[in-house]
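Enquirer: Sequence first, predicted coordinates after that:
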Amino acid sequence: MAITLVNPEALPTVDAYRQVSVATGTKLVFVAGQVAWSGVDDLAAQVEECYLNVAAALAEVGGSFDDVAKLNVHVVNWTPDKMPQLLDGIARAGARLGTTPVPPATLLGVAALDVPEHLVEIEATAVLD
């Protein structure tokens, strides 16, 4: 595996992600921002679908969430009270994928995405051996 995830002792431990990833592979994979195309107006469901779409993109090139070095998560009109829905979507995706997707992540609140129906967009950078 090309990615090792680390939580340094000097930094806070966050359940949703690890603070650092160390990549030792040789092939970089950049996955475009993935959105939910199902049309469901539910943040948790859209987060789940985005994670599954990222996993599908990675599988196409021989990778998986175990190869993800970094995620960027963009959520429309983000407020902290949406965190339980975000975490629920991640947990549901992890259960379906059979993994715990916790690479380093940046969560960004945005005013809007490409269309009003999209509540979240997730992009990934992965490293393969």
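Expert: Looks like it came in fine. Residues are numbered from 1 along each chain as shown.
Enquirer: pull the longest helix from this structure.
Expert: helix 43-60 (DSSP state H).
Enquirer: Let me see the mean pLDDT of that one.
Expert: Summarised as a single mean, pLDDT over helix 43-60 is 98.
Enquirer: State the next helix or strand along the chain beyond that helix.
Expert: On the C-terminal side of helix 43-60, the nearest following helix or strand under DSSP states H and E is strand 68-76.
Enquirer: Give the partner strands of that next one in its sheet and their orientations.
Expert: Sheet pairing for strand 68-76, assigned by DSSP bridges, gives strand 105-110 (parallel), strand 120-128 (antiparallel).
Enquirer: so how far is the first one from its chain's centroid?
Expert: Between the mean C-alpha location of strand 105-110 and the chain-wide mean there is a distance of 10 Å, by Cα atoms, centre = their mean, to the nearest Å.
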